[in-house]
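Participant: My questions concern the predicted model and sequence given below.
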Amino acid sequence: MEAVIAVIALLFVLFVALGAFATVKVVGAAKRSADRHITQARRTVEDHTLKAKAFGRPGPAGEVAQLRLDLRTSMRATQEALEALAGEDESVKESLALFQRLSAHGHELDGELRRLESEPDRTTLAARLPGLRERTERITHSADSLRWAARDRARRFADDDLDSLSAQIDMEAGALRHWQTDASDSSAEGSTERPAPPPWPQAHATGSAAAPEQTWPDTPQTRQAEEPTRPAITPPAARPTYPWQKKPRPESTT
């Protein structure tokens, strides 16, 4: 009885632990999904705000907003492309590591551009714009190079795989249509070889030769006629005589 109670208690604890583990997993997944949606919504709002500032503010302030928008767009596109390809190609992971180092410079530049958006001194802002523009172009150029190189690599692998698959399909299609090859070969052989003339008897060709002899199976009468006559009873062979044997006496008539 105590063993049964212990087993029931152990099963109860096990079910409770599994339920708690599943609850934690579900809550964590829901939290990550919510954070991802919140981050995406915040990015969307910031992008629309930067677009409005770039078109609505003339002068250095609008150009700063445009530089920040270009930087964020290029870095986000490169990150998404590399993360999508890293699971399929091990070499892309090295590119992803380089991009993370590049992202540190990008975040630093993005923070500096964000602070300069509210800069009231237009003269100082205009003086710093050439350096900010150069840094932005260098970072976006590096990010674009990584993104397009990874995409070209993926497309190259896809083209090679497609070429190999097309060659295999062509071979399989030829194997499935083997009867066409056989028919073409037989027709080619029939066109090259002329039919031989039918054999005619020699008598028809010359008109004077005798017809070939025909052989027929032997009948019992034929074999009997050909074989010599044999006596019906074969006489016994003469018996040998020995010296110790007596000569036979002639029978008397008296």
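Facilitator: Right, received. Where do you want to start?

Participant: tell me which element A81 is part of?
Facilitator: Using DSSP states H and E, A81 sits in helix 60-86.

Participant: Can you name every helix or strand that that helix contacts?
Facilitator: helix 2-56, helix 91-117, helix 122-176 (3 or more CB pairs under 8 Å, 6 or more residues apart in numbering; DSSP states H and E). From N, CA and C alone the C-beta is placed, and that goes for glycine too.

Participant: can you pull the pLDDT of D70?
Facilitator: As predicted, D70 sits at a pLDDT of 91.

Participant: likewise A210?
Facilitator: Note for A210: predicted pLDDT of 47.

Participant: Pull out the buried positions in stretch 154-165.
Facilitator: A154 (16 or more other CB atoms under 10 Å).

Participant: Tell me which of the helices and strands packed on helix 60-86 is the most buried.
Facilitator: Mean neighbours per residue, mean count of other CB atoms under 10 Å, is largest over the helices and strands packed on helix 60-86 for helix 91-117, with a mean of 15.

Participant: Can you list the helices and strands that it packs against?
Facilitator: Under the contact definition 3+ CB pairs under 8 Å, 6+ apart, helix 91-117 sits against helix 60-86, helix 122-176.

Participant: in stretch 71-84, what counts as buried?
Facilitator: Under the neighbour-count criterion of 16+ other CB under 10 Å, stretch 71-84 has 71-72, 74-75, 78-79, 81-82 buried.

Participant: can you put the residues you listed in JSON lines and add distance to S33?
Facilitator: Listed next are these as JSON lines, based on distance: CB to CB, whole Å:
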{"residue": "L71", "distance to S33": "27"}
{"residue": "R72", "distance to S33": "23"}
{"residue": "S74", "distance to S33": "27"}
{"residue": "M75", "distance to S33": "23"}
{"residue": "T78", "distance to S33": "24"}
{"residue": "Q79", "distance to S33": "19"}
{"residue": "A81", "distance to S33": "22"}
{"residue": "L82", "distance to S33": "22"}
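
Participant: Fine, thanks again, bye for now.
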